[in-house]
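Novice: From the sequence below, what's the structure:
(chains A and B)
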Amino acid sequence: MANLHLGLIDYTILSLYFTFVLGIGWALKRYMKTSTDFFLSGRSIPAWITGLAFLSANLGAQEVIGMGASGAKYGIATSHFYWVGAIPAMVFVGIFMMPFYYGSRARSVPEYLKLRFDEKTRGFNAISFATMTVFSSGISMYAMGLLLGTLLGWDFNFSVIVSAVIVLLYIVLGGLTSAIYNEVLQFFLIVLGFLPLVFLGLRDAGGWTGLQQKLSRTATAQGFAPGTWTESWKFMTTPSANPMGVEWFGMIMGLGFVLSFGYWCTDFLVVQRAMAANSMGAARRTPLIAALPKMFFPFLVILPGMIAIALTYQSGASGFALPKKADGTFNYDMAIPMMLGHYFPSGILGLGLTALMASFMSGMAGNVTAFNTVWTYDIYQSYIRPGRSDQHYLWMGKMATVFGIAMSVVAAYVAAKFNNIMDLLQLVFAFVNAPLFATFLLGMFWRRATGHGAFLGLLMGTGAAALHHGLTAPVGSTTLIKGGWLGDVLHRYPSEMAQNFWTAIFAWTVCFLITIVASLATRHNRTDSELAGLVYSLTAKPSEHDLHAYQRPVVLGVLVLAVTLVLNIVFW
Amino acid sequence: MGLDIRLPIGFMFALVGVLLAVYGMTSDPSIYSRSLGININLWWGGVLLVFGLAMLLLANRVKRSDSK
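Specialist: Model prediction:
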């Protein structure tokens, strides 16, 4: 395996970064006076910072490494996860949904559900979300321990404990602000750490045209048409024509609509960043400002993966080859780490690894800050100890950070021991998340939607996801965790990705329909005055007269969508 | 909130930039066969230094316009 050797200079850069991370936490300590400071940064952060944090919170290492892996596995079609599966949803949440999140003064996404619907809908969302964040941060820790072990030969326990302690310290010290500031730092680290990799890789491959040529060999060697790795839409007409095994409808509806809107518009992990903004305008601009660099991230994280697979199929000429797993398939997850080791000499290698570690830690920190807020406001204050002083909840937030991280560490060890349990949990979370966007969409744009309707819709949607998964399976699956656990397999999908997309489509549709039917059948539980600020038709449009044209969400949104369209066409 | 994030970002990248550039000037040239013969430490160190200084400059300008 690629055991990289780090020199003194690399360790110096790495420790410099850790010093700054902790220093930022330390410098912010004296501003953490109330629970609002700790959980929502006192709603005082300017838009460019919340915007970069919005982007960065999602840019955990699984994202960076996973997108590099997909770049190697699927080629430029991976860009659908950005240009279809992120940007439109980010524009939507900024323009249409943020007025309700920010305007309602809800302190969390579950709290919005409580204001809009009822207690049980909030409880369902809060508990599933809190559990999910702890496990996600644990999985992030596990992945980091594993990677640093193979890459640098570091001890797993050492990696887990050190990262846990650092994240713990800077969040307990500086709360959400600390997490947000470090996410901004991490954003620049990733961009500046990976740009030279893309530059060197592209130069080595002979530019984009050289890469195209090399990748046509990759494609034909795997039995696809020559352009499959370098053209994103052309081979989406039938699932068998592309390595993803997905056709355009499943791609647009499953990924582009249900999954992407479900994540970017309802996941408190990202929405929390916008809630920390200093004004309504800033909150609405947050996802739009995040979308500007996000559009170009495929070049930063997908390209290195594409270059890695191109060099691998060049058969020995470059001396670079992706390692294989025990079962003989490529270990795609190693694409980006291997590329760092291949092109970076000591010195800049330290920078690249620091960027990678920063993304692991900010992935953890994002989950932990979302967890401590939902735990304290939506679970502790609501069900366990209501009516205490603000100082008490501030204290609880710090405690929640400590035990949230402690549980993540436990989850990391569980993941190391029982991989299946983690797969199972992620599957369950996918079921719970799939229908969520239907609930929010109806909640925000249809005032007749009721609490009972929303709750029933969510339950049935989650059930529909589980049912669909239990009755279908991807081609060639051998374990029940991939589907078909209800006995008969009614339909076989060409790939796991296609199955996931369709699970989401079914879950969303069922939740949408059941919520409408059940809402009409139950009594309207909120008066119009209670719904003011929570529902589109009962909320005054936010005034934009004091904003410059370039600050207006609609202007920014149209700009972002136009550029995205152009990118789709260029790489069609 | 109190701390201007551009300050730590600026300081950190300027410092890393100087470190890389100095290392690039003093390190054994043979290690750059990996990076296609380009002294990537020197070049990229320079870029990081410029970026860091630009951040510090921005922070400084905002501070001055605030205190006016």
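
Novice: in the stretch 401-550 of chain A, which spans are helices?
Specialist: A:419-433, A:436-445, A:451-471, A:496-521, A:528-531 (DSSP state H, counting those that start in this stretch).

Novice: closest one to chain B among those helices?
Specialist: The closest of the helices of the stretch 401-550 of chain A to chain B is helix A:436-445. By CB to the nearest CB, the value is 29.2 Å. C-beta here means a position set from N, CA and C on the backbone, and glycine is covered the same way.

Novice: what's the angle from the closest one to helix A:496-521?
Specialist: Interaxial angle, helix A:436-445 versus helix A:496-521 (axes from the mean of the first three to the mean of the last three CA atoms, to 10 degrees): 40 degrees.

Novice: Identify each buried residue in helix A:436-445, please.
Specialist: A:Leu436, A:Phe437, A:Ala438, A:Thr439, A:Phe440, A:Leu441, A:Leu442, A:Gly443, A:Met444 (16 or more other CB atoms under 10 Å in any protein chain shown).

Novice: Could you chop chain A up by domain?
Specialist: For chain A, the structural domains run A:8-417, A:421-540, going by automatic domain parsing.

Novice: Low-confidence stretches in chain B?
Specialist: Where chain B drops to pLDDT under 70, the residues are B:1, B:64-68.

Novice: So which residues on it come close to chain A?
Specialist: B:1-3, B:5, B:8-9, B:11-13, B:15-16, B:19-20, B:23-24, B:27, B:31-32, B:34-36, B:38, B:40-41, B:44-45, B:47-48, B:51 (CB under 8 Å from any CB of the partner chain).

Novice: quick one: which of the residues you listed sit in helices?
Specialist: In this view, the residues of chain B next to chain A that belong to helices under DSSP state H are B:8-9, B:11-13, B:15-16, B:19-20, B:23-24, B:40-41, B:44-45, B:47-48, B:51.

Novice: show me the contacts for residue 35.
Specialist: Picking chain A for this. A:Thr376, A:Asp390, A:Tyr393, A:Leu394, A:Gly397 (CB atoms under 8 Å, 6 or more residues apart in numbering or on different chains).

Novice: Chain B is the one I meant
Specialist: By CB under 8 Å, 6+ apart, the residues touching B:Ser35 are A:Leu200, A:Tyr343, A:Phe344, A:Pro345, A:Ile348.

Novice: Burial check on the third one, number of neighbours?
Specialist: Here the count is done by other CB atoms under 10 Å in any protein chain shown, and A:Phe344 has 26 residues near it.

Novice: quick one, phi psi at B:Asn39?
Specialist: Backbone geometry at B:Asn39, expressed as degrees, to the nearest 10, gives phi -80, psi 80.

Novice: do A:Asp155 as well
Specialist: Dihedral pair for A:Asp155: phi -70, psi 140, per degrees, to the nearest 10.

Novice: Near the residue nearest to it when sequence neighbours are not counted, how many other residues are there?
Specialist: Sequence neighbours aside, A:Gly149 is the residue nearest to A:Asp155 in space, at 7.4 Å (criterion: CB to CB, 6 or more residues apart in numbering or on different chains). By other CB under 10 Å, 15 other residues sit near A:Gly149.

Novice: same thing with the one 3 residues further on?
Specialist: Using other CB under 10 Å, A:Leu152 has 17 neighbouring residues.

Novice: returning to that earlier point: check the buried residues of helix A:436-445 and tell me the two furthest apart.
Specialist: Longest distance between any two of those is 12.5 Å, between A:Leu436 and A:Met444; criterion CB to CB.

Novice: picking up where we left off before, looking at the helices of the stretch 401-550 of chain A, which is buried most?
Specialist: For the helices of the stretch 401-550 of chain A, average neighbour numbers computed from mean count of other CB atoms under 10 Å in any protein chain shown are highest in helix A:436-445, which has a mean of 24.
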